[in-house]
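Colleague: please find the sequence and the predicted model below.
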Amino acid sequence: MTTESPAYPTITEAIQLFRQSIAGKSQKTIQTYTTALNRLQEYLNQQTPDNLHTAELPADLLEDFYLWLIKTYGRDQRFTVATYVAGVRAFVRFLSRRNLLPAGLSFEQMRDNLREVMGKSGYKTPRVDKGLPLLVVYVNNLPVPGKPPKRLEILRDKAIVNTLYSTGMRRGEVSSLNREDLDDGRSTQAIITGKGHKERVVFFDNPTLEVIRTYLAARNDRYSPLFIRHDKGRGKPKKNGTNFRLSPQSIWQTVKRYAHLAGVNVSTHDFRHTKASVMLNKGAKLSEVQDILGHASPETTKKIYAHYEISHLRQAFDRYSISATELAAEIEKGRG
């Protein structure tokens with residue numbers, strides 16, 4: 001490490017500067033970055049008890065931090081590890097822009113060092129319980145009670161599960177839906193603001209729209225959120241019932257509860273994997289899946305879902321391969 005320099009801020013001070021720079025991002029992004037930087041400080045405190053200056057950061061910071069995360073959380077928690085690494089990588093990129101890294105050290109160098117280590121560990125593609133459609137069928141077959149609030153909760157949960165399955169939306173995106181976004185269940189598509197404040201179009205199939213219309217008709221209200229709480233503890237409605245909106249965590253808990261009852265091991269994000277796998281195996285292009293799911297980079301789609309194309313690759317392998325004997329025969333025929 002280099003000798004500390006008073007011209008450079010401490011890591012704690014640099015983190016405060018970074019937080020100020022991301023004030024315009026979504027609350028969820030800020031929270032994710034904050035958690036990642038808390039892990040970074042935890043890691044650094046284990047290396048040295050003193051608060052480092054940014055001029056003292058080593059070139060192998062990102063790769064060592066990644067290996068520490070793997071050791072701390074285990075390889076099975078790859079999404080947690082990837083999230084923390086992404087947050088700290090954004091912080092290092094910020095330091096580079098502000099010329100706060102040690103002299104002669106660049107973000108690109110640190111990033112490439114990280115890629116070397118992550119590449120050696122290998123990327124494990126997700127394994128989604130193939131029984132996920134059984135969860136959808138289970139929920140669709142649930143009997144609907146005659147009286148609220150249980151009646152409204154069951155109808156709502158049917159609409160939530162079908163929305164996740166048909167659209168491949170993130171749980172936060174589903175939570176943010178307003179009834180006007182899809183014209184009370186009459187519009188087959190909606191424009192939403194997804195991850196990174198980017199707009200995209202999501203599509204609904206007719207069975208999903210039907211269960212949404214049934215749910216809204218049973219509600220008999222004009223509250224704005226598409227999915228709301230119906231428990232007695234929700235309190236009194238504020239303007240347009242926005243305080244009744246079901247949170248992303250509640251949607252996740254809803255899926256986990258029915259998954260347990262249906263005997264399958266899935267969560268909300270698994271609906272996105274399933275949507276991608278079905279589309280790819282039915283012949284959709286990778287770029288189409290990218291746009292439908294709202295991935296910022298095609299590399300994200302390719303890394304996570306490329307294994308679902310194996311069956312198509314096998315078909316191409318069998319269709320276009322030729323034995324040495326057959327190829328030799330063609331060569332001899334050409335010579336003749």
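Modeller: Arrived safely, thanks for sending. Treat the numbers as computed from the prediction; the structure is a model and nothing was measured. Numbers count the residues shown, from 1 in each chain.

Colleague: list the contacts of V144.
Modeller: For V144, the contacting residues are R151, I154, L155, by C-beta atoms under 8 Å, 6 or more residues apart in numbering. Glycine gets a C-beta too; all of them are placed from N, C-alpha and C.

Colleague: now these as CSV including pLDDT, neighbour count and distance to I11?
Modeller: Below are the contacts of V144 laid out as CSV (pLDDT from 0 to 100; neighbours: other C-beta atoms under 10 Å; distance: C-beta to C-beta, whole Å):
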residue, pLDDT, neighbour count, distance to I11
R151, 96, 15, 54
I154, 97, 18, 51
L155, 98, 23, 51
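
Colleague: in helices only, show me those.
Modeller: Judged by DSSP state H, helices contain the following of the contacts of V144: R151, I154, L155.

Colleague: without its sequence neighbours, what residue ends up closest to the first one?
Modeller: To tie it back to what came earlier, the one meant is R151. Excluding its sequence neighbours, the residue lying closest to R151 (C-beta to C-beta, 6 or more residues apart in numbering) is P145, at 4.7 Å.

Colleague: ditto for the last one
Modeller: Distance criterion C-beta to C-beta, 6+ apart; nearest residue to L155, sequence neighbours excluded, is Y215 at 4.2 Å.

Colleague: contacts for the helix or strand the one you found falls within?
Modeller: Using DSSP states H and E, Y215 sits in helix 206-219. Helix 206-219 has contacts (C-beta under 8 Å, 6+ apart) with 140, 148, 151-152, 155-156, 158-159, 162-163, 165-167, 179, 182, 184-186, 188, 204, 226, 228.

Colleague: low-confidence ranges, the chain, go.
Modeller: 1-6, 49-50, 119-129, 196, 295-317, 336 (pLDDT under 70).

Colleague: still on that earlier bit, buried members of the contacts of helix 206-219 into ChimeraX, please.
Modeller: A single ChimeraX command selects the buried members of the contacts of helix 206-219 (16 or more other C-beta atoms under 10 Å):
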select :152,155,156,158,159,162,163,165,166,167,179,182,185,204,226,228
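
Colleague: in helices only, show me the contacts of helix 206-219.
Modeller: Among the contacts of helix 206-219, DSSP H puts N140, R151, L152, L155, R156, K158, A159, N162, T163, Y165, S166, T167 in helices.

Colleague: and the third one, what does it touch?
Modeller: Neighbour list for L152: Y215, A218, R219, H230 [criterion: C-beta under 8 Å, 6+ apart].

Colleague: what about the last one, which helix or strand?
Modeller: Okay, so that is H230. Assigned by DSSP H and E, H230 falls within no helix or strand.

Colleague: burial measure for it, as a count.
Modeller: By other C-beta atoms under 10 Å, 17 other residues sit near H230.

Colleague: tell me the contacts of it?
Modeller: P148, P149, L152, E153, R156.

Colleague: do you know how far it is from Q253?
Modeller: Per C-beta to C-beta, to the nearest Å, H230 is found 15 Å from Q253.

Colleague: which residues of the stretch 101-250 of the chain fall in strands?
Modeller: Counting by DSSP state E, counting those that start in this stretch, the stretch 101-250 of the chain has strands at residues 189-193, 199-203.
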